[in-house]
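1. Below are the sequence and a predicted model; questions follow.
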Amino acid sequence: MEEKILAVFVWLLVRLEHHSNLPFVMEEYRMELFTDDELLTDFTKEYNFKEDYILEGEYFANNFQGQKSTFLVERSMGSTCYLRCYMINRLTVQDGYDTIGVQSSFLDDIFRYKYNYIDMVREGINLAVEPKDIYKIPFSMDNSQYELSYRIGNDNRLGLLEDFDKKGELLIPLYTNQIQECYNMSIILYRFSMFMTSEAEAPFKQITLYTNRRKVYH
């Protein structure tokens, strides 16, 4: 789930009867579709002024192989789609995810990253070898029970796939492979961060989706 993409050329597989492709460019969270084909006319007829629906497609950058992508559309007006959020698959063959991870300097402050890190180093714990869960907090959302974990350290088994720039990371196992659940969870954590820090804005550094502790979407 990216914070920002500027003028990226991709192909979108829209859910039309023809199951064909539509190109578009995206700036921030606004998607502009363009083509001289009648498919765009068919798309606007079906999706004009439609709200809260999902589109699936492929993301291409620097001529690399296409990456499966999912877009949660807030509303459409003509050939313009305004997005709530979107996900880009990091892997070409892996589907599904089981955990959402959030990195944020605001969450690090809330969960006292610096103090916990210093205490663990003083105890002789090597956080470059294996991450440690500092807190585990249960909570409920949408009539479901979740458990939040705040983790410090890096997983050396991931090698170059690990994010060595991160500090702490908040992890929550998910129930579904639905982008809506990810969006709802992100909104809850965002509001929680603003409430706990008394800030008007508390943006996330990165949101990542995992399966079996491997990064799948970002």
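-> Nice, thanks for sending it over.
2. Now do the phi/psi pair for residue 127.
-> phi -80, psi 0 (degrees, to the nearest 10).
3. What does the pLDDT read for the nearest residue to it once chain neighbours are set aside?
-> Counting by Cβ to Cβ, 6 or more residues apart in numbering, residue 127 lies nearest to residue 153, which is 3.4 Å off, once chain neighbours are set aside. C-beta coordinates here come from the backbone N, C-alpha and C atoms, glycine included. With respect to pLDDT, residue 153 has a value of 85.
4. repeat for residue 11
-> At residue 11, pLDDT is 42.
5. if I pick the residue nearest to residue 127, what's in contact with it?
-> By Cβ atoms under 8 Å, 6 or more residues apart in numbering, residue 153 lies in contact with 127-132.
6. which of those residues lies closest to residue 57?
-> residue 131 (33.3 Å; Cβ to Cβ).
7. and after the longest helix seen in the chain, which helix or strand comes next?
-> The longest helix of the chain (DSSP state H) is helix 179-197. Where DSSP states H and E defines the elements, the next helix or strand beyond helix 179-197 is strand 206-211.
8. what comes up buried for stretch 103-116?
-> Buried residues in stretch 103-116, counting neighbours by 16 or more other Cβ atoms under 10 Å, are found at 103-111, 113, 116.
9. For residue 191, give me its contacts.
-> Here residue 191 is in contact with no residues (criterion: Cβ under 8 Å, 6+ apart).
10. So for it, what's the pLDDT?
-> 93.
11. From here on, call the first residue 39.
-> From this message on, residue numbering opens at 39, which makes the last subject residue 229.
12. what sits against the closest residue to residue 237 other than its chain neighbours?
-> Distances taken as Cβ to Cβ, 6+ apart place residue 144 nearest to residue 237, at 6.8 Å, with adjacent residues excluded. Going by Cβ under 8 Å, 6+ apart, residue 144 touches 231, 234-235, 237, 240.
13. Then residue 144 would be within a strand, right?
-> No. Counting by DSSP: H, G, I helix; E, B strand; the rest coil, residue 144 falls outside a strand, being helix.
14. Please identify which of the contacts of residue 144 is nearest to residue 118.
-> Taking those together and measuring to residue 118 by Cβ to Cβ, the closest member is residue 240, at 28.5 Å.
15. Name the nearest residue to that closest one, sequence neighbours excluded.
-> Using Cβ to Cβ, 6+ apart, the closest residue to residue 240 is residue 231 (3.7 Å).
16. Can you report how many residues neighbour that neighbour?
-> 22 (other Cβ atoms under 10 Å).
17. just checking, it touches residue 146?
-> No. Contact status for residue 231 versus residue 146: not in contact, 10.3 Å apart, counting by Cβ atoms under 8 Å.
18. Can you name the element that comes right after the helix-or-strand element of the chain with minimal mean pLDDT?
-> Across the helices and strands of the chain, mean pLDDT, DSSP states H and E gives its lowest value to strand 44-51, namely a mean of 39. Per DSSP H and E, the first helix or strand lying C-terminal to strand 44-51 is strand 59-65.
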